[in-house]
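**Student:** predicted coordinates and the sequence they were generated for:
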Amino acid sequence: MTPRTRQVSLLNDVRVAPGRPRDWVSTLAAVFLALVVLAAIASPFLTELATKQSILDSLLPAGSPGHLLGTDELGRDVLLLTLAGTGSAVAGPVVIAAGSMLLAILIGTVAGYLRGPVDWIVGRVVDILLSLPVMLVALVVAGIFGAGYWVTVIMLVLLFCPSDIRIIRAGVTEQAPRPYIEAAQMLSLSPARIMFKHIVPNVWPLIMTNFMLNLAIALVTLSSLSFLGIGVAPGTPDWGRQITDGRGILGDNPAMMVVPAILIVLVAMAINVLGDHLGERLRERGMQ
């Protein structure tokens, strides 16, 4: 083995070694999120069982026979409530993150590539929307229109979109002057084909990382609104609503409030960890 070969081998070892602990953490995060997704898929089938009331079994502590996490004041099983609430806690954030990112890809790509008046108009609208506090706007809209769950989700899609537009626009602006875009223009390819077939795939790591970040933020935001009584109707299984309902029985059965709160934190952390890992892998693949 030549000195140059040994040097390259040592450099590869140094690069791989620090990534191993992160790979393990990313794997654990992926497995945990897969379990959460399975619980979300099963949640519609658990709702009827989870909302079944039994006054004789009310306020049982965690560890009671037949009730691993105890019951609430209506005798509902806390474990079943938590599993059934996974659907509303997860489905909304996925729609919010995906919807806002799709709008951002469309608007941000067009603004970043065409520039000129289109970019100026988009930039001013984005600046105005970014100045609006998300939680305050959600509270005001819900107070005026009595927003339900999916109305709240659509409202959050529109409120999350401006920051995504700015990020995607920045990525497209950085790609637009590159030689491969100039070559595509010399071939007289249409702007739409250049934007969405050539530029967008090259900002995919940015899109994926920002999507995962939005997913975690949307989870916390939607749960916070549910905690405040917005979006989810009373009695509906939902992690944010469960925290609200658990405040009154904190002394009798803390699991009612503590378990969904911990799950919100863990799911948000797992999404961020997996998002960072996917972003790194996509960037490494793009450099090859």
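**Tutor:** Okay, I see it.
**Student:** residue contacts, residue 243?
**Tutor:** Neighbouring residues of residue 243 by Cβ atoms under 8 Å, 6 or more residues apart in numbering: 223, 227, 257, 260-261. From N, CA and C alone the C-beta is placed, and that goes for glycine too.
**Student:** same thing but at 6 Å, please
**Tutor:** Contact partners of residue 243, counting by Cβ atoms under 6 Å, 6 or more residues apart in numbering, are 227, 257, 260-261.
**Student:** and which of the residues you listed is nearest to residue 157?
**Tutor:** Distance to residue 157 across the contacts of residue 243 (Cβ to Cβ) is lowest for residue 227, with 20.1 Å.
**Student:** from residue 216, how far out is the closest one?
**Tutor:** Distance of residue 227 to residue 216, given as Cβ to Cβ, to the nearest Å: 17 Å.
**Student:** any idea whether residue 233 is helix, strand or coil?
**Tutor:** At residue 233 the chain is in coil, as set by DSSP: H, G, I helix; E, B strand; the rest coil.
**Student:** what is the neighbour count of it?
**Tutor:** Using other Cβ atoms under 10 Å, residue 233 is surrounded by 11 other residues.
**Student:** and it, how far is that from residue 204?
**Tutor:** Counting by Cβ to Cβ, the separation of residue 233 from residue 204 is 38 Å.
**Student:** which residue packs closest to residue 252, ignoring adjacent ones?
**Tutor:** Closest residue to residue 252 apart from its sequence neighbours, by Cβ to Cβ, 6 or more residues apart in numbering: residue 59 at 4.5 Å.
**Student:** got it, and residue 85?
**Tutor:** residue 237 (3.9 Å).
**Student:** would the one you found count as being in a strand?
**Tutor:** No: Residue 237 is assigned coil when assessed by three-state DSSP, not a strand.
**Student:** which strand or helix spans the spatially most central residue of the chain?
**Tutor:** For the chain, the residue nearest the mean C-alpha position is residue 215 (0.7 Å; Cα atoms, centre = their mean). Here residue 215 sits within helix 204-227, counting by DSSP states H and E.
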